[in-house]
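Engineer: Sequence and predicted structure, then a few things I'm wondering about:
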Amino acid sequence: MDLKQLRTFRAVAELGSLSKAADRLRAAQPALSRHIKLLEHELRVELFVRNGRGMLLTSAGRMLLDRTTGLIRQIEQVSDDLKSANGNPSGRVILGLVPTVSAVLSGRFARRVLNEFPDVSLRIVESYGGHLVEWLHRGEMDLAIIYGPAVDLHLQVQSIGREDIVAVGPPGSGLNKRKQVDLKWLVKQKLILPSISHGLRALLEKALAREKLKLEAMIEVDSYRAQISLMEEGLGYTLLPPSAIRTEVAAKRLEMTAVSPAVSRELILASPIAHPPSIATTTIGTLIVSEIQQLSREGRWKISMTA
């Protein structure tokens, strides 16, 4: 096996198509097809099932992807660090953001990276915390901002700060006229929440357990944008950080108020523990904390920064 073959294999596995992989790698499709055939010949197994819909991994292919993805990233990072030795960070950095953080941070942060570190290729992946943790463990991601606490994550973590969570409801719900609502009242409403594996849901479950309360009527939606849409349609309530819904509240498309007892979340910058970060990854990690601090000072993100 060589690195070029493994890169081709990873791209085809992720995209399910030789043509899409050729676009990503900027290579001719016949050349990529040869890489896959040589790899299958050397390993003496079929890695893909070819059909009219594309290329699907076989069980052997899934095993190879699981075993090599982190290794490929480490090799790529060695190359990046050698290129960064002149003092200008360079290379690819994959950053994961939970949706409520991405809504506040993505555009502004990407612009800052382009302006300050033009040799860094930043890829932002938005997903819920459970998925981001899994990708960090597998070595497919370099950094992620996720919810704490960090206990049992088995990752390298840095606490960024804490932010309060508020009750959010549809227009006309009357939340904006109330100083706060009790959790006991909130759980009796139809709630729109992500599934149990995700950070905000786990946070709410723990808060309810402390008050000896249980969730009742609920719609599960594993999409932050869909949560917003369903609330705008008047279908229920949820819990979110106020920073993530500033625009919707200002436009009177949603209403919010504080929750009693207070619910807050810890934001954590996490990275894989299995291998040291590249110079570019360390640079991006420092920059993202700096950007969050700046947003906090400007009042655009109400967060109590960790000292």
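Structural biologist: Yep, that arrived.

Engineer: Which stretches in the stretch 151-300 of the chain count as strands?
Structural biologist: In the stretch 151-300 of the chain, the strands defined using DSSP state E, counting those that start in this stretch lie at 156-169, 180-182, 191-193, 218-220, 238-240, 255-260, 263-271.

Engineer: what do you get for the stretch 1-150 of the chain?
Structural biologist: With DSSP E, counting those that start in this stretch as the criterion, the stretch 1-150 of the chain has strands spanning 48-51, 54-57, 91-97, 120-126, 143-147.

Engineer: My guess is Ala110 contacts Arg123. True?
Structural biologist: No - the criterion here is CB atoms under 8 Å, and Ala110 misses it with Arg123 at 10.0 Å. C-beta here means a position set from N, CA and C on the backbone, and glycine is covered the same way.

Engineer: Low-confidence bits of the stretch 51-200 of the chain, can you list those?
Structural biologist: 152 (pLDDT under 70).

Engineer: Helices of that one, start to end?
Structural biologist: Secondary structure of the stretch 51-200 of the chain (DSSP state H, counting those that start in this stretch): helices at 59-83, 99-116, 129-137, 183-186, 199-210.

Engineer: So which of those is nearest Met256?
Structural biologist: Between Met256 and the helices of the stretch 51-200 of the chain, the shortest separation by CB to CB is 12.0 Å, and it involves helix 183-186.

Engineer: So for that closest one, what gets flagged as buried?
Structural biologist: Neighbour counts over helix 183-186 (16 or more other CB atoms under 10 Å) mark Leu183, Leu186 as buried.

Engineer: returning to what we had before: quick one: the helices of the stretch 51-200 of the chain as a markdown table, columns for distance to Ile303 too.
Structural biologist: Formatted as a markdown table, the helices of the stretch 51-200 of the chain follow (distance: least, CB to CB, whole Å):
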| stretch | distance to Ile303 |
| --- | --- |
| helix 59-83 | 30 |
| helix 99-116 | 10 |
| helix 129-137 | 17 |
| helix 183-186 | 22 |
| helix 199-210 | 15 |
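
Engineer: Please identify the buried residues of stretch 232-250?
Structural biologist: 236-246, 248-249.

Engineer: Ser264: neighbouring residues, count only.
Structural biologist: 15 (other CB atoms under 10 Å).

Engineer: And Ala217, what's its pLDDT?
Structural biologist: Per-residue pLDDT puts Ala217 at 66.

Engineer: Tell me which of the strands of the stretch 151-300 of the chain sits most buried.
Structural biologist: strand 238-240 (a mean of 25; mean count of other CB atoms under 10 Å).

Engineer: List the contacts of that one.
Structural biologist: 100, 165-168, 186, 191-193, 200, 203-204, 227, 231, 256, 259, 263 (CB atoms under 8 Å, 6 or more residues apart in numbering).

Engineer: Outline the domain layout of the chain.
Structural biologist: 3-81, 91-306 (the TED database).

Engineer: just those: most buried one?
Structural biologist: Buried most deeply of those, by mean count of other CB under 10 Å, is domain 91-306, with a mean of 18.

Engineer: okay, how far is it across it, tip to tip?
Structural biologist: 29 Å (CA to CA, to the nearest Å).

Engineer: how far out from the middle of the chain is that domain?
Structural biologist: Computed by CA atoms, centre = their mean, to the nearest Å, the chain-centroid distance of domain 91-306 equals 9 Å.

Engineer: Could you do stretch 51-60 as well?
Structural biologist: 27 Å.

Engineer: Name all residues that make contact with Val249.
Structural biologist: Per CB under 8 Å, 6+ apart, neighbours of Val249: Asn176, Pro242, Glu255, Met256.

Engineer: Closest one to Asn115 out of those residues, please.
Structural biologist: Pro242 (28.0 Å).

Engineer: Contacts only, for the nearest residue to that closest one once chain neighbours are set aside.
Structural biologist: Spatial nearest neighbour of Pro242, excluding adjacent residues (CB to CB, 6 or more residues apart in numbering): Val166 at 5.3 Å. For Val166, the contact set (CB under 8 Å, 6+ apart) comprises Leu239, Leu240, Pro241, Pro242, Met256, Thr257, Ala258, Val259.

Engineer: Quick check: the farthest pair among those residues?
Structural biologist: Greatest spacing in the contacts of Val166, by CB to CB: Pro241 and Thr257 (13.5 Å).
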